[in-house]
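A.B. asks: Based on what follows, work out the 3D shape:
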Amino acid sequence: MSNSISLNQQDSLVEYGARRVVIVITAILCALLEIVDTTIVNVALNDMKGNLGQRSVRSVG
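C.D. replies: A predicted model of the protein is given here:
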């Protein structure tokens, strides 16, 4: 009987571990996509400003 309980606990721990891995991988991918998205926007902003006719601001002094 105790062997049966032990197997159920091991199956539960394996399932919990697998869910934990999926959650961690998802969080890492979300962070990576956020960094890539921010980088793309920051690079594209200068090109967008030029296309909209905005000139670069020169400092006075």
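A.B. asks: pLDDT score assigned to T39?
C.D. replies: T39 carries a pLDDT value of 89.
A.B. asks: and what of T26?
C.D. replies: 97.
A.B. asks: Ok, the one 5 residues further on next?
C.D. replies: We have a pLDDT of 96 for A31.
A.B. asks: now M48
C.D. replies: Note on M48: pLDDT of 77.
A.B. asks: With S2 instead?
C.D. replies: For S2, the model assigns a pLDDT of 51.
A.B. asks: next one: G61
C.D. replies: So G61 comes in at 45 (pLDDT).
A.B. asks: Which other helices and strands does the host helix or strand of N46 contact?
C.D. replies: Assigning secondary structure by DSSP states H and E places N46 in helix 2-51. Here helix 2-51 touches no other helix or strand, going by 3 or more Cβ pairs under 8 Å, 6 or more residues apart in numbering; DSSP states H and E. To be clear about C-beta, it is placed using only N, CA and C from the backbone, and glycine gets the same treatment.
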